[in-house]
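In: let me see the structure of the following:
(one chain, ligands or ions: 1)
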Amino acid sequence: MTNEKLNIGIILGSTRQGRVSPQVGEWLKGIADQRGDANYEIVDISDFQLPFLGTTDGTEPGIAAWNKKLFSLDGFVFIVQEYNHSITGALKNALDYAREAWNNKAAGIVSYGGTGGARAAEHLRGICAELLIADVKVHPTLSLFTDFENFKTFKPAAIHLKNVNLMLDQVLAWSGALKTLRK
Ligand SMILES: Cc1cc2nc3c(=O)[nH]c(=O)nc-3n(C[C@H](O)[C@H](O)[C@H](O)COP(=O)(O)O)c2cc1C
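Out: Residues are numbered from 1 along each chain as shown. As a prediction, this is how the structure comes out:
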C-alpha cells in the first residue's frame, strides 16, 4: 500500500438545462477539499455527451472517455436528484455505460428532492449492488423546501456539514480498502 491520495469523483446526476446539481456538487467539493485527504473532482455526465445506450454503434469518443474517467477514480459521491421517485434517466444511462470501471469501489450518496431525494437514493443503492459498488450508510438528504430558495438557489442548512463529513469518512475508508481488491 502506498500513501497516495485516493481519487474521488463527485458525479452530477442531472443534465437538464437549469439543473441545480452543479451548485450542490460545488458545495460538496468545497467541504471535501478542506479536508485535504483525497483528490476530489467534479464529474459532469453532460460533458461526455453519452448517447442513449444501444442507439449508436458505440464509437462516440465520450463513451470511451466516460469509462476512462471512471477507471481513474477510486470512489464516488453521487449527487442524486429525485425524478418521478427515482434517479434521472441520464444517471441510469451513465451507470449502464460502464461495468468493470465501477466494480469494487465505494460510493456515498447526497440526494435532494421534496423528501430529500430518499426514494431516488434507495433505487440507486439497488443498482450499486449490481455494479459491485459499495454504497456507504451515511446519506445526507437535502430538502428542496428548506435547503433551496425558490427551489433554485442552494442555501444548505448548517446541519448537513456533519453528515457530509461522516459520509466522506466512510467513502474514503471503503475506497482505500477496496483498492486492494483491484490490484
Ligand atoms: C421529470 C421530473 C420529475 C420529478 N419528480 C420528482 C419526484 O418524484 N419527487 C421529488 O421530490 N421531486 C421531483 N422533481 C423535482 C426535482 O427533484 C427538482 O426539480 C430538482 O431540482 C431536480 O434536480 P436538478 O435541478 O439537478 O435537475 C422532479 C423533477 C423533474 C424534472
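In: measure the residue nearest to residue 106 when sequence neighbours are not counted to residue 128 for me?
Out: Nearest non-adjacent residue to residue 106, counting by C-beta to C-beta, 6 or more residues apart in numbering: residue 174, 3.5 Å away. Where C-beta positions appear, they are placed from N, C-alpha and C, glycine not excepted. Look at residue 174 and residue 128: by C-beta to C-beta, to the nearest Å, they are 12 Å apart.
In: hmm, residue 12 and residue 41 touching each other?
Out: No - between residue 41 and residue 12 there is no contact under C-beta atoms under 8 Å: 11.3 Å.
In: for the residue lying farthest from the centre of the chain, helix, strand, or coil?
Out: Each residue of the chain has a distance to the centre, and by C-alpha atoms, centre = their mean the biggest one is for residue 57: 26.9 Å. Secondary structure for residue 57, judged by DSSP: H, G, I helix; E, B strand; the rest coil, is coil.
In: distance check, residue 15 against the ligand.
Out: 8 Å (C-beta to the nearest ligand atom, to the nearest Å).
In: so residue 5 sits right up against residue 39, yeah?
Out: Yes - with contact defined as C-beta under 8 Å, residue 5 reaches residue 39; the gap is 5.2 Å.
In: more neighbours: which of those two?
Out: The neighbour comparison of residue 5 against residue 39 (other C-beta atoms under 10 Å) goes to residue 39, with 16 against 13.
In: residues contacting that one?
Out: By C-beta atoms under 8 Å, 6 or more residues apart in numbering, the residues touching residue 39 are 5, 6, 7, 8.
In: now these in TSV, with secondary structure and distance to the ligand?
Out: Below are those laid out as TSV (DSSP: H, G, I helix; E, B strand; the rest coil; distance: C-beta to the nearest ligand atom, whole Å):
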residue	secondary structure	distance to the ligand
5	coil	28
6	strand	26
7	strand	24
8	strand	20
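In: now, of the residues you listed, which are buried?
Out: For those, a burial check counting by 16 or more other C-beta atoms under 10 Å picks out 6, 7, 8.
In: what helix or strand is the residue nearest to residue 106 located in?
Out: helix 160-179 (DSSP states H and E).
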